[in-house]
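Engineer: The following comprises the amino acid sequence and a computationally predicted model.
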Amino acid sequence: MNAGSQEGVGVDCAQVVELITEYLEGHLDPAMTAEVEAHLAECEGCQVYLEQMRQTIRSLGRVPLGELSPQARAELLAAFGAMRGGPS
């Protein structure tokens, strides 16, 4: 499946990419979880992306915010803000 939606599946690849962290953390509501899972069942590219994200999480684990320097925290927040179209 490419960037578009497949008939009967309510989310497309771009939406899955945006939602994947929330999906992995269990923060999506049941209806959206079902939409993402329906898309994943049909889209090999998004299945690969999901597995890459899982491998990244396993490799890196988590970094508690208290362990980040103020500069590193500011740089990360700026980078994530820029990725979402916010101020950098």
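Structural biologist: Sure thing, it's come through. Note that the structure is a prediction, hence the values are computed from the model and not measured.

Engineer: excluding its backbone neighbours, what's nearest the most centrally placed residue in the chain?
Structural biologist: Of all residues in the chain, the one closest to the mean position by Cα atoms, centre = their mean is residue 20, 2.8 Å from it. The shortest distance from residue 20 to any residue other than its chain neighbours is 5.6 Å, reached at residue 53 (Cβ to Cβ, 6 or more residues apart in numbering). Placement of C-beta: from N, CA and C, glycine included.

Engineer: In this structure that neighbour contacts residue 24, no?
Structural biologist: Yes: using Cβ atoms under 8 Å, residue 53 makes contact with residue 24 at a distance of 6.4 Å.

Engineer: any weak-confidence spans in this protein?
Structural biologist: Low-confidence regions of the chain, defined by pLDDT under 70, span residues 1-9, 62-65, 83-88.

Engineer: Going by residue numbers, what spans are helices in it?
Structural biologist: For the chain, helices defined by DSSP state H occupy the ranges 13-25, 30-42, 44-60, 70-83.

Engineer: picking that back up, surely the residue nearest to the centre of the chain and residue 54 touch.
Structural biologist: No: under the criterion of Cβ under 8 Å, residue 20 makes no contact with residue 54, lying 9.6 Å away.

Engineer: who touches both of the two?
Structural biologist: With contacts taken as Cβ atoms under 8 Å, 6 or more residues apart in numbering, residue 20 and residue 54 have no neighbour in common.
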